[in-house]
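K.L.:
I'd like to go over a predicted model; first the sequence, then the structure.
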Amino acid sequence: MRKLRWRLETAIFILFSFVISLIPNRIALFLGNMLGRLLFNLLKRRRKIAIDNITATLPFLQGCEGWNPAHGTAQAIARRTFENLGRSLVEDCKIYHGRGSHIIDNVQFRGLEHYENALAKNKGVAFITAHCGNWEVMALSFGVRIKELSVVARRQDNAYLNNVLEKIRSGYGNRIIYKHGALKPMIAEFRKNNIVGVLVDQAVMPDEGVLVEFLGRNCWTTKLPTVISRKTGVPLIPAFVHREGDSHVVQFYPEIEPDLEKEGDDGVRTDTAALLSVLEDYIVRYPDQWYWIHNRWKRVP
């Protein structure tokens, strides 16, 4: 029965995404926006998680340089977060079915010199990123226009859907490194001076991460990229994507170098906190483009 359900879910996804891909771009984005609003009203549990997360974080955000009061209330930010996810969904549908070249072609890359300087060290590059803007567009556009890369990701529970998504992404030159057992393939990519993208904004189990402050509250964060960087010297380059109108901007930041005055867990914790501080700066400026619907602070007293 499980395999039958998986096949049915995959067939629905393929059919839905194909239909969406046929709709003209401006109409599709409008429908994506409406879909986001619909999901905001229907997904009560996820809506509550988003609003609760933003409400608890607002005092921190409001005290940061660059915060704009026009971002509004927690509920307004949460609603726009769902709208962004709706627009991202229809864009991804177009790209998946080969009708999104205009989306990829219109992506702007800023701060590429930080990536180029890191690549010149011949130790590979770790892109430190998060579920921001349309993160799928960021990865696929970079793979098409700059250089193919691998992305560390969680394997989908639905094996058939997982295979479909993997095939689509590989068609744009990118590869998937699955989270379980990711250490060895990541190091192998770095030794070939390749690029690996790592998401650092998801809650992990305590034995997989370190406890650091993020948006004013402690959370468990993966220690994988900082541990690898300290062992191999691979440069850590934060990179996030945001929307500007109907296009996307990928911003690369300067390399986060390890604090060699600190060793062991203290050093890993310090380096990880430095990575998250760049993401905090992004969220201050684009609060409705981060993935608030995830319980980022779970398993913390």
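P.N.:
Good, I have the coordinates.

K.L.:
what are the pairing partners of the strand ranked longest in the chain, and which direction each?
P.N.:
With residue count as the measure and DSSP state E as the assignment, the chain has strand 236-244 as its longest strand. Paired with strand 236-244 in the same sheet, following DSSP bridges, are strand 125-129 (parallel), strand 247-252 (antiparallel).

K.L.:
of those strands, which approaches Val204 most closely?
P.N.:
With CB to CB as the measure, strand 125-129 is the member of the strands paired with strand 236-244 nearest Val204 (14.6 Å). To be clear about C-beta, it is placed using only N, CA and C from the backbone, and glycine gets the same treatment.

K.L.:
next one: the closest one to chain centre, how far?
P.N.:
Relative to its chain's centre, strand 125-129 lies at 11 Å (CA atoms, centre = their mean, to the nearest Å).

K.L.:
contacts for that strand?
P.N.:
For strand 125-129, contacts defined as CB atoms under 8 Å, 6 or more residues apart in numbering pick out 115, 118-119, 135, 138, 149, 186, 190, 194-200, 225, 228-229, 234-240, 256, 275, 278.

K.L.:
out of those residues, list just those in strands.
P.N.:
Members of these lying in strands (criterion: DSSP E): Ile195, Val196, Gly197, Val198, Leu199, Leu236, Ile237, Pro238, Ala239, Phe240.

K.L.:
list the buried residues in the worst-scoring helix or strand of the chain on mean pLDDT.
P.N.:
Across the helices and strands of the chain, mean pLDDT, DSSP states H and E gives its lowest value to helix 159-170, namely a mean of 87. Residues of helix 159-170 classed as buried: Tyr160, Leu161, Asn162, Val164, Leu165, Glu166, Ile168, Arg169 (neighbour count, 16 or more other CB atoms under 10 Å).

K.L.:
what's the first-to-last distance across stretch 148-161?
P.N.:
Taking CA to CA, to the nearest Å, stretch 148-161 runs 22 Å from one end to the other.

K.L.:
residues contacting that stretch, please?
P.N.:
For stretch 148-161, contacts defined as CB under 8 Å, 6+ apart pick out 3, 6-7, 9-10, 13, 127, 139, 142-143, 162, 165, 169, 173-180, 182, 185-186, 189, 194-199, 224.

K.L.:
which among these count as buried?
P.N.:
6, 10, 13, 127, 139, 142-143, 162, 165, 169, 174-177, 179, 182, 185-186, 189, 194-199, 224.

K.L.:
name the nearest residue to Lys192, sequence neighbours excluded.
P.N.:
Excluding the flanking residues, the one nearest Lys192 by CB to CB, 6 or more residues apart in numbering is Gly124, at 7.2 Å.

K.L.:
quick one: pLDDT of the one you found?
P.N.:
Reading off the confidence values, Gly124 has pLDDT 97.

K.L.:
phi, psi of it?
P.N.:
phi 80, psi 180 (degrees, to the nearest 10).

K.L.:
from memory it sits against Ala188, does it?
P.N.:
No. Using CB atoms under 8 Å, Gly124 is not in contact with Ala188, being 9.6 Å away.

K.L.:
pick out whichever of the two has more residues nearby.
P.N.:
Gly124 (23 against 14; other CB atoms under 10 Å).

K.L.:
now the more buried one: how far from Val250?
P.N.:
19 Å (CB to CB, to the nearest Å).

K.L.:
quick one, what contacts the residue nearest to Glu280 when sequence neighbours are not counted?
P.N.:
The shortest distance from Glu280 to any non-neighbouring residue, by CB to CB, 6+ apart, is to Leu215 (6.0 Å). Residues near Leu215 by CB under 8 Å, 6+ apart: Thr57, Phe60, Leu61, Glu280, Ile283.

K.L.:
where's the fourth one, which helix or strand?
P.N.:
In other words, Glu280. helix 264-285 (DSSP states H and E).

K.L.:
with the first one instead?
P.N.:
In this structure, Thr57 sits in helix 44-62 according to DSSP H and E.

K.L.:
list the buried residues for that helix?
P.N.:
Arg46, Arg47, Ile49, Ala50, Ile51, Asn53, Ile54, Thr57, Leu58, Phe60, Leu61.

K.L.:
ok, so of the residues you listed, who is nearest His71?
P.N.:
Nearest member of the buried residues of helix 44-62 to His71, counting by CB to CB, is Leu61, at 8.0 Å.

K.L.:
quick one: residues contacting the closest one.
P.N.:
With CB under 8 Å, 6+ apart, Leu61 has these contacts: Trp67, Leu215, Ile283, Val284, Pro287.

K.L.:
kindly reformat these as CSV containing pLDDT.
P.N.:
What follows is these, written out as CSV (pLDDT from 0 to 100):
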residue, pLDDT
Trp67, 97
Leu215, 97
Ile283, 98
Val284, 98
Pro287, 98
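
K.L.:
sweet, I'm off.
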